[in-house]
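*Asks:* sharing a model prediction with you, sequence too.
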Amino acid sequence: MSKQIQFVARAGGQVKGSIRVPGDKSVSHRSIILGSIAEGTTRVEGFLEGEDSLATLQAFRDMGVEIEGPDQGCVTIHGVGLHGLKKPEKPLYLGNSGTSMRLLAGLLSAQSFPVTLTGDSSLSKRPMNRVAKPLREMGALVATKEGGQPPLEFLGGSRLKGIDYQMPIASAQVKSCLLLAGLYAEGTTRVTEPAPTRDHTERMLKGFGYSVESELTPNGKQISLSGGGVLKAIDVRVPSDISSATFFLVAAAITPGSDLKLEKVGINPTRIGVLNILKQMGADLTLSNETDEGGEPVADIEIRYAPLRGIDIPVDQVPLAIDEFPALFIAAACAEGTTRLSGAEELRVKESDRIQVMADGLSALGVTNLVKEDGIVIEGGPIQGGTVDSHGDHRIAMSFAIAALRSSGEILINDCANVATSFPGFVELVNQVGMNVTSR
Ligand code: S3P
């Protein structure tokens with residue numbers, strides 16, 4: 001069991017300054033995966049040195065890839081080509097990282113050797129049939145525990161065939177898994193998403209010189225690629241993670257007098273649900289210095305306090321803000337009126353059941369809410385001090401730390417060690433902008 005860490009977030013504080021949050025987690029994972037199976041040397045800058053992306057990095061080292069770093073966000077990957085991975089000596093342990101497991105599942109389905117993927121207690125409860133089923137349709141020999149949970153065991157030596165797959169859920173992890181398997185499959189792999197999901201895999205594959213097509217169909221966007229190509233090493237510059245920036249966006253949005261600039265944040269259109277939702281709630285947000293870095297759009301985001309109002313969150317924004325809801329629930333608690341979220345059942349199978357765990361924490365702090373199967377209703381109002389349990393979920397821990405900006409008393413948050421999975425340096429950075437949070 002990992003070390004128990006509790007956050008103590010003192011009531012009140014300021015949100016001022018100009019900061020840069022760490023690198024994007026999704027892009028960091030993909031830089032290691034594609035760099036490892038490319039031909040040549042890939043240099044990554046701005047890599048997120050969090051436990052999740054480090055788990056992906058270690059997995060590729062365990063499969064014989066020579067990787068230097070990370071050193072202040074710089075990683076050098078000596079690619080082994082699509083067929084150069086080696087059988088690891090033991091199961092690959094992926095900690096808390098669902099992205100590592102689902103993306104690696106696609107790649108490992110196609111290897112000549114057997115391999116097993118395991119994770120911590122949270123990851124061991126997460127659904128893997130969403131990838132195992134379509135991978136089996138492609139011809140993969142993969143076993144899960146009963147109920148579709150990890151470990152995932154790949155027998156190796158499968159010959160994959162391209163399939164035409166309509167995803168039942170809008171999941172970038174499933175899409176990416178199948179595209180990675182498709183690199184090795186005979187023929188064309190086509191994946192159709194029922195709603196837009198993050199497209200970092202497609203963008204980065206193209207960056208590595210691989211041909212990927214997208215087409216709008218009556219059932220959603222279809223992404224396709226054919227097996228048998230080659231990836232050529234490139235330099236990858238990782239933007240700051242909009243999901244990590246979100247805690248600071250909400251912090252500034254709920255705190256009178258705040259004025260904060262977040263530098264070089266990734267604003268990929270498939271990730272900006274949080275900006276759209278906060279704007280609709282009345283937040284004062286401005287984007288500047290918009291540029292493109294290695295195929296991903298970035299910008300500085302400035303946010304000043306403005307009173308928020310409750311809204312019905314548009315369902316089409318849900319996949320575009322899927323990781324941002326714990327923090328957005330804190331914004332809703334500080335807004336005038338009622339905020340309603342529906343169509344978000346996926347939140348129940350993240351690192352924790354994010355609907356129930358957030359509802360329990362909000363209730364402990366005196367915030368009126370009503371849990372629904374696929375969402376939540378939150379009434380804006382005063383926030384009291386109290387003790388909440390993050391259930392080992394990094395984003396829940398950070399969200400309740402931010403809530404202390406508007407609480408009448410101290411908030412104690414239990415089980416915070418996993419903040420290190422996505423946001424090393426979170427506590428230092430919140431204190432730098434004027435909050436008072438300690439970790440013990
Ligand atoms: C991710 C996709 C999302 C997101 C996760 C990272 C990715 O999951 O919640 O944190 O990097 O592809 P789903 O695609 O399952 O919604």
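*Replies:* Perfect, thanks for sending it.

*Asks:* going forward, measure contacts and count neighbours with C-alpha atoms only.
*Replies:* OK.

*Asks:* pull up the gap between the nearest residue to Val115 once chain neighbours are set aside and Leu94, please.
*Replies:* Computed as C-alpha to C-alpha, 6 or more residues apart in numbering, the closest residue to Val115 that is not its neighbour in sequence is Phe154, at 5.3 Å. As judged by C-alpha to C-alpha, to the nearest Å, Phe154 and Leu94 stand 15 Å apart.

*Asks:* what does Arg406 give?
*Replies:* From Arg406 over to Leu94 (counting by C-alpha to C-alpha), the distance is 36 Å.

*Asks:* same drill for the two, tell me which one is more crowded.
*Replies:* Leu94 (25 against 22; other C-alpha atoms under 10 Å).

*Asks:* hmm, that one is touching Asp52, no?
*Replies:* Yes: counting by C-alpha atoms under 8 Å, Leu94 does reach Asp52; the two are 7.4 Å apart.

*Asks:* what touches both of these two?
*Replies:* Ser100 (C-alpha atoms under 8 Å, 6 or more residues apart in numbering).

*Asks:* got the phi/psi numbers for the nearest residue to Gly380 once chain neighbours are set aside?
*Replies:* Nearest residue to Gly380, sequence neighbours excluded (C-alpha to C-alpha, 6+ apart): Ala333, at 4.2 Å. Backbone geometry at Ala333, expressed as degrees, to the nearest 10, gives phi -70, psi -30.

*Asks:* surely Ala333 meets Ile376?
*Replies:* No: applying C-alpha under 8 Å as the test, Ala333 and Ile376 come out as separate, 11.7 Å apart.

*Asks:* the two: who's more crowded?
*Replies:* Using other C-alpha under 10 Å as the criterion, Ala333 and Ile376 rank with Ala333 on top: 30 against 20.

*Asks:* tell me the residues of the stretch 101-250 of the chain that contact the ligand?
*Replies:* The stretch 101-250 of the chain has residues 171-173 near the ligand, with proximity defined as C-alpha under 6 Å from any ligand atom.

*Asks:* nearest to Glu215 among these?
*Replies:* Using C-alpha to C-alpha, Ala172 is the member of those that sits closest to Glu215, with 16.4 Å.

*Asks:* contacts only, for the closest one.
*Replies:* Ala172 neighbours (C-alpha under 8 Å, 6+ apart): 197-199.

*Asks:* where do the strands sit along the stretch 51-200 of the chain?
*Replies:* 66-71, 74-80, 92-93, 115-118, 142-145, 149-154, 164-166, 188-193 (DSSP state E, counting those that start in this stretch).

*Asks:* in a markdown table, list these along with mean neighbour count.
*Replies:* A markdown table is the format used below for these (neighbours: other C-alpha atoms under 10 Å):
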| stretch | mean neighbour count |
| --- | --- |
| strand 66-71 | 15 |
| strand 74-80 | 21 |
| strand 92-93 | 20 |
| strand 115-118 | 21 |
| strand 142-145 | 18 |
| strand 149-154 | 22 |
| strand 164-166 | 17 |
| strand 188-193 | 23 |
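
*Asks:* quick check, nearest of the contacts of Ala172 to Leu82?
*Replies:* Asp199 (21.3 Å).

*Asks:* looking at it, the closest one is touching Glu296, isn't it?
*Replies:* No: taking contacts as C-alpha under 8 Å, Asp199 lies outside contact range of Glu296: 9.8 Å.

*Asks:* so what's the residue of the stretch 201-350 of the chain found nearest the ligand up against?
*Replies:* Per C-alpha to the nearest ligand atom, Asp323 is where the stretch 201-350 of the chain lies closest to the ligand, at 5.2 Å. By C-alpha under 8 Å, 6+ apart, Asp323 lies in contact with 243, 395.

*Asks:* what about it, helix or strand, and which?
*Replies:* Asp323 belongs to no helix or strand when assigned by DSSP states H and E.

*Asks:* run through who's touching stretch 358-374.
*Replies:* 326, 329, 333, 341-346, 355-356, 376-389, 396, 400.

*Asks:* then stretch 44-53?
*Replies:* By C-alpha under 8 Å, 6+ apart, stretch 44-53 touches 22-25, 28-29, 31, 70, 72-76, 94-97, 100, 235-240, 420-424.
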